[in-house]
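>>> okay, sequence plus prediction incoming.
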Amino acid sequence: MRHDFHWATGYPSTRSPVFARNIVSTSHPLAAQAGLRMLAAGGNAVDAAIATAAVMTLVEPCSNGLGSDAFAIVWDGQRLQGLNASGHAPQAWNPAYHRTRHGADGKAPPARGWDSVTVPGAVSAWAALSYRYGQLPFADLMAPAIEIAERGYAVPVIVQQKWALAARVRELVMQPGFAETFLPHGRAPEVGELFRMPAAARTLRSIAASHGEAFYRGEVAAAIAAHARANGGAMTEDDLASFQPEWVDTIEVDYRHGYRLHEIPPNGQGIAALIALGILRHFDIGSLDPDGAESQHLQIEAMKLAFADTYRFVSDPATMAVKPEHLLDDGYLAERARLVNPGQAQDFGAGNPVKGGTIYLTTADASGMMVSFIQSNYMGFGSGVVVPGWGISLQNRGHGFHLDAAHPNVVAPRKRPFHTIIPAFLTRDGEPQMSFGVMGGNMQPQGHLQTLVRMLDYHQSPQAACDAPRWRFNQGLQINAESSMRRDTVAGLQALGHQIEQISDSYQDFGAGQFIWRQGDPAVEGYVAASDPRRDGAAAGF
């Protein structure tokens, strides 16, 4: 459906909106082109998303790899369907295991090494999506990634910056397999320097030939388990073989004008964006200056309230004492909204709802199918562990667990940890409207909130909403703001009690979004897409 967007961006940008009937938007042009190859070959948006995701494991290795986790939301032409492909803990993990190995004072499993690695889920997501929705042979979807792994690619500017910073982190560089894979000359590659991952090509070929089965119950699984054993990790072949991704229904909240935001249910933090938006609908934010302190203050306070509940209650849904519907109850959200003081920043605690370095991509095709997909190794380069000979860079999602037995997110065998990565989807009056996401740790729900408010309340186009300066809540009253934020806005927020530090970071601190907005009949009017200038990416279509 067309929307009354104001197409003049008003913000400095290197990007323009992209209009097409078939479109891919992600944070590296080679990955976007891989998706377009699948669409041009007769594939659909799911085929494009899988091919794009596979290439992203190579061209943005500081953010994701073959050992990532993933989530997706698919509009299949009739309904929304979510996919949770976040892996579970090894059978051996519990609080005693981690305290014995890493000391009694820790509040979480370590951030690096094998004891931060849960079962990787991304490959299972590719296979599950292809089985249910794909049109092209699965092996064809791996072909662009295999080609790039073997011939190499020139390292882009922003990825290189993060790569070089990671090369200075001793705890990361010392992990088994890291230096030999990602520091091929004893250093991070330079901008424009060729980087190859032939070992990853070997894994991709095995994945292609087995429709992903080898990664969990074949030669790749055996290599992962052997590397864990050799380096003191607990991951076993049985841990890998026991994992299956889960198809889920989305959770959602209504906003204004018939719009509804959809997110994946816990164990992810998508519910934080829903809570914040549900609180914000109790304020006439559209009457305020979109870049002024009053508007930003209300959004910040709503986000803080949302995080207070999310961090207190969210875990693997099997262990949550509070159900998502309790946190999204209209009456509860209204009660939380009443806590917001328009004239004062506050440090909120959790409520009582029961009384009595991630990559994101989105694709859409002329048939109307739309895919919102995210995969991540979590912290920069994840655990730092790379399986030699196979190029599998493993996530560190186990660091998201608690070691406090009283916390719902306490580590336990075969349990999924709290997750930060969240794809999103917007509908209007029950029809698909926008597939989108904003990557970057706990910035993700904050990015969802800020960009949606700009589009829905202020009629800014997706690219303008992408380009606009952002804030990021840290803790207490502490806020980071982009250096491009207006001086009077920063001063106004400080006067309300916010403790603000302005910083310049193009990669993680303020997230990076990709957006595809449906214009009308996709076969006729198509879509408009935006890609965040904070990354090296592109939206491309035909």
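Sure thing, it's come through. Numbers count the residues shown, from 1 in each chain.
>>> state the pLDDT value of the residue nearest the centre of the chain.
The residue lying closest to the centre of the chain (CA atoms, centre = their mean) is residue 421, at 3.5 Å. Per-residue confidence at residue 421 stands at 90 (pLDDT).
>>> does it lie in a helix or a strand, and which?
In this assignment (DSSP states H and E), residue 421 forms part of neither any helix nor any strand.
>>> all helices of the stretch 251-400 of the chain, in order?
Using DSSP state H, counting those that start in this stretch, the helices of the stretch 251-400 of the chain run over residues 270-280, 293-313, 324-327, 330-337.
>>> show me what the second one packs onto, helices and strands only.
I take that to be helix 293-313. Of the remaining helices and strands, those touching helix 293-313 by 3 or more CB pairs under 8 Å, 6 or more residues apart in numbering; DSSP states H and E are helix 270-280, helix 330-337, helix 443-456, strand 471-475, helix 487-495. (C-beta placed from N, C-alpha, C; glycine too.)
>>> surely the residue nearest to the centre of the chain touches residue 439?
Yes - using CB atoms under 8 Å, residue 421 is in contact with residue 439, at 7.4 Å.
>>> now for those two: what residues contact both?
358, 374, 376 (CB atoms under 8 Å, 6 or more residues apart in numbering).
>>> how near is the second one to residue 34?
To tie it back to what came earlier, the one meant is residue 374. Using CB to CB, to the nearest Å, residue 374 is found at 17 Å from residue 34.
>>> which of these two has more residues huddled nearby?
For residue 374 versus residue 34, the count of surrounding residues by other CB atoms under 10 Å is larger for residue 374: 32 against 28.
>>> okay, the more buried one: pLDDT?
According to the model, residue 374 scores 96 on pLDDT.
>>> now residue 190
At residue 190, the model reports a pLDDT of 97.
>>> and it, how many residues sit next to it?
Around residue 190 there are 14 other residues, counting by other CB under 10 Å.
>>> my guess is it contacts residue 157, does it?
No - because the distance of 10.5 Å does not satisfy CB under 8 Å, residue 190 is recorded as not touching residue 157.
>>> low pLDDT regions in the stretch 251-400 of the chain?
In the predicted model of the stretch 251-400 of the chain, residues 354-357 satisfy pLDDT under 70.
>>> same thing but 50
Scanning the stretch 251-400 of the chain for pLDDT under 50 picks out the ranges 356.
>>> one step back: closest to residue 493 out of the helices of the stretch 251-400 of the chain?
Proximity to residue 493 (CB to CB) singles out helix 293-313 among those, at 5.0 Å.
>>> tell me what angle the closest one forms with strand 471-475.
Using axes from the mean of the first three to the mean of the last three CA atoms, to 10 degrees, the interaxial angle of helix 293-313 with respect to strand 471-475 works out to 40 degrees.
>>> state the mean pLDDT of whichever strand or helix holds residue 57.
Assigned by DSSP H and E, residue 57 belongs to helix 45-59. Confidence over helix 45-59 (mean pLDDT, whole number) is 98.
>>> after it, which helix or strand is next?
Where DSSP H and E defines the elements, the next helix or strand beyond helix 45-59 is strand 69-75.
>>> may I see the buried residues of stretch 412-426?
Of the residues in stretch 412-426, those with enough neighbours to count as buried (16 or more other CB atoms under 10 Å) are 412, 414-426.
>>> return the distance of that stretch from the chain's centre.
Averaged C-alpha coordinates place stretch 412-426 at 10 Å from its chain's average position (CA atoms, centre = their mean, to the nearest Å).
>>> with just CA atoms, put it into CSV.
This file holds the C-alpha atoms of stretch 412-426, laid out as CSV (Å, rounded to 0.1, in the frame of the first residue of the first chain):
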residue,chain,number,x,y,z
ALA,A,412,20.6,-25.4,31.6
PRO,A,413,21.2,-28.4,29.3
ARG,A,414,19.6,-28.1,25.8
LYS,A,415,18.1,-24.7,26.7
ARG,A,416,18.2,-21.7,24.4
PRO,A,417,19.7,-18.5,25.8
PHE,A,418,18.3,-15.0,25.7
HIS,A,419,18.8,-13.6,22.2
THR,A,420,19.4,-10.1,20.8
ILE,A,421,18.8,-10.8,17.1
ILE,A,422,15.3,-10.0,15.9
PRO,A,423,13.7,-9.7,12.4
ALA,A,424,10.6,-7.6,12.2
PHE,A,425,7.5,-7.3,10.0
LEU,A,426,4.8,-4.6,9.7
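>>> what sits against residue 336?
275, 279, 305, 309, 351.
>>> try it again at 6 Å.
279, 305, 351 (CB atoms under 6 Å, 6 or more residues apart in numbering).
>>> residue 487 too?
With contact set as CB under 6 Å, 6+ apart, residue 487 has no partners.
>>> same thing with residue 379?
residue 396.
>>> please tell me how far it sits from residue 172.
Using CB to CB, which is the criterion applied here, residue 379 is 9 Å from residue 172.
>>> what does residue 387 give?
Summarising the geometry, the distance separating residue 387 from residue 172, computed by CB to CB, is 16 Å.
>>> rewinding a little: just the helices of the stretch 251-400 of the chain: most buried one?
Across the helices of the stretch 251-400 of the chain, averaging neighbours per residue (mean count of other CB atoms under 10 Å) puts helix 270-280 on top, at a mean of 28.
>>> same for that helix, what does it pack against?
With contacts defined as 3 or more CB pairs under 6 Å, 6 or more residues apart in numbering; DSSP states H and E, the packing partners of helix 270-280 are strand 251-254, strand 259-263, helix 293-313, helix 330-337, helix 443-456.
>>> which stretches of the stretch 101-250 of the chain form strands?
Secondary structure of the stretch 101-250 of the chain, counting by DSSP state E, counting those that start in this stretch: strands at 153-154, 194-195, 246-248.
>>> ok now the second one, how far from the chain's centre?
Spelled out, it's strand 194-195. Average the C-alpha atoms of strand 194-195, do the same for its chain, and the two points are 26 Å apart (CA atoms, centre = their mean).
>>> same question, the longest one
Mean C-alpha position of strand 246-248 versus that of the full chain (CA atoms, centre = their mean) differs by 17 Å.
>>> same question for it, mean pLDDT?
Strand 246-248 shows an average pLDDT of 97 in the prediction.
>>> list the helices and strands it packs on?
With 3+ CB pairs under 6 Å, 6+ apart as the test, strand 246-248 has strand 80-85 packed against it.
>>> tell me which residues are up against the strand it packs on.
Outside strand 80-85, the residues within contact range by CB under 6 Å, 6+ apart are 70-74, 121, 124-125, 245-248, 250, 262, 264.
>>> again, only this time at 7 Å
For strand 80-85, the surrounding residues in contact (CB atoms under 7 Å, 6 or more residues apart in numbering) are 69-74, 121-122, 124-125, 128-129, 245-250, 262, 264, 425.
>>> list buried residues within these.
Buried members of these, counted by 16+ other CB under 10 Å: 69-74, 121-122, 124-125, 128-129, 245, 248, 250, 262, 264, 425.
>>> residue 15: neighbour count?
Other residues within reach of residue 15 by the criterion other CB under 10 Å amount to 17.
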